[in-house]
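Enquirer: have a look at this prediction, sequence included:
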Amino acid sequence: MSAGWVAVAGLGPGSEALVTPEVTAALAEATDVVGYIPYVARVAPRPGLTLHPSDNRVELDRAAFALDLAAQGRRVVVVSSGDPGVFAMASALFETLEAGPVSWRDLDIRVLPGITAMLAAAARAGAPLGHDFCAINLSDNLKPWNVIEKRLQLAAEADFAMAFYNPRSRARPEGFARVLEVLRDACGDERLVLFACAVSTPEEMLRIVPLGQASAEMADMRTVVIVGSSRTRVIERPGGSILYTPRSVPKDAA
């Protein structure tokens with residue numbers, strides 16, 4: 001039996017042009033692709049390749065299945081959107097590896113980076129993450145709200161630009177409104193906010209508004225929200241606004 005392997009791969013934010021050549025090569029070698037239903041649907045079927053789509057919130061089961069396939073000699077790609085190490089499957093796979101059979105630790109396991117929705121959105125808008133920034137997952141499925149709120153407050157106090165994943169869903173329609181309240185209290189109404197929906201797809205839509213005009217309905221699960229620092233600014237031009245954060249902070253700004 002040939003040696004199996006697992007590659008945890010990022011498919012990027014949506015456009016095939018943003019899938020890295022490394023990921024494309026791994027998919028060409030794979031015997032099996034494992035992942036959440038809409039991500040597996042992005043992989044073209046071919047002879048010799050078995051697709052294994054599964055529902056959301058079964059990440060640990062999915063990871064165990066992939067590791068077991070690899071232990072049987074299969075060449076497995078576990079697919080995530082964006083980058084697999086950013087709120088995605090790489091961490092779930094290693095959590096499963098740590099708790100699983102010792103024999104799994106001998107497997108060839110690789111993480112193949114991808115272009116995150118956060119970075120794709122920032123590039124479309126300009127460079128809002130051009131200085132210090134942080135990324136926060138606003139879902140409270142795996143952590144309590146009080147942890148999210150504390151991180152929001154501390155990030156605002158440190159004057160980071162902030163990128164938010166999973167801002168709003170049908171199961172959590174009220175959560176993002178609470179986030180906006182926390183940010184207004186901490187940052188005021190003038191802080192610039194980017195709503196970037198479905199970046200790199202035909203449905204892409206970007207919107208830049210002051211925090212005081214931001215509303216929860218502007219975001220859904222396909223939206224990345226970037227809140228600028230106090231120094232983030234807009235350049236208005238005929239071809240569209242550019243949102244960017246300068247690379248430096250004056251010495252007297254602390």
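Expert: Sure, I can see it.

Enquirer: ranges for the helices of the stretch 1-150 of the chain?
Expert: 21-29, 37-40, 59-71, 89-99, 117-125, 145-157 (DSSP state H, counting those that start in this stretch).

Enquirer: these two touch, right, residue 211 and residue 195?
Expert: No - contact status for residue 211 versus residue 195: not in contact, 11.6 Å apart, counting by Cβ atoms under 8 Å. In short, each C-beta sits where N, CA and C put it, glycine included.

Enquirer: relative to residue 174, how far out is residue 132?
Expert: 30 Å (Cβ to Cβ, to the nearest Å).

Enquirer: er, residue 157 I mean
Expert: Counting by Cβ to Cβ, the gap from residue 157 to residue 174 is 24 Å.

Enquirer: also residue 243?
Expert: From residue 243 to residue 174 the distance is 27 Å (Cβ to Cβ).

Enquirer: these two: which is more packed in?
Expert: Taking other Cβ atoms under 10 Å, residue 243 and residue 174 do not tie; residue 243 has more neighbours (23 against 8).

Enquirer: and that one, what does it touch?
Expert: 125, 126, 127, 128, 192, 194, 208, 226, 228, 232, 233, 234 (Cβ atoms under 8 Å, 6 or more residues apart in numbering).

Enquirer: can you tell me the closest non-neighbouring residue to the fifth one?
Expert: What it means is residue 192. residue 228 (4.3 Å; Cβ to Cβ, 6 or more residues apart in numbering).

Enquirer: also the third one?
Expert: If the residues on either side of it in the chain are set aside, residue 127 comes closest to residue 244, at 4.2 Å by Cβ to Cβ, 6+ apart.

Enquirer: what's the answer for the second one, then?
Expert: If you skip the residues right next to it in sequence, residue 126 has residue 242 as its closest partner in space, 3.9 Å away by Cβ to Cβ, 6+ apart.

Enquirer: what's the answer for the last one, then?
Expert: The spatial neighbour of residue 234 that comes closest, neighbours along the chain excluded (Cβ to Cβ, 6+ apart), is residue 241 at 5.1 Å.

Enquirer: residues touching the one you found, list them.
Expert: 125, 126, 208, 234, 235.
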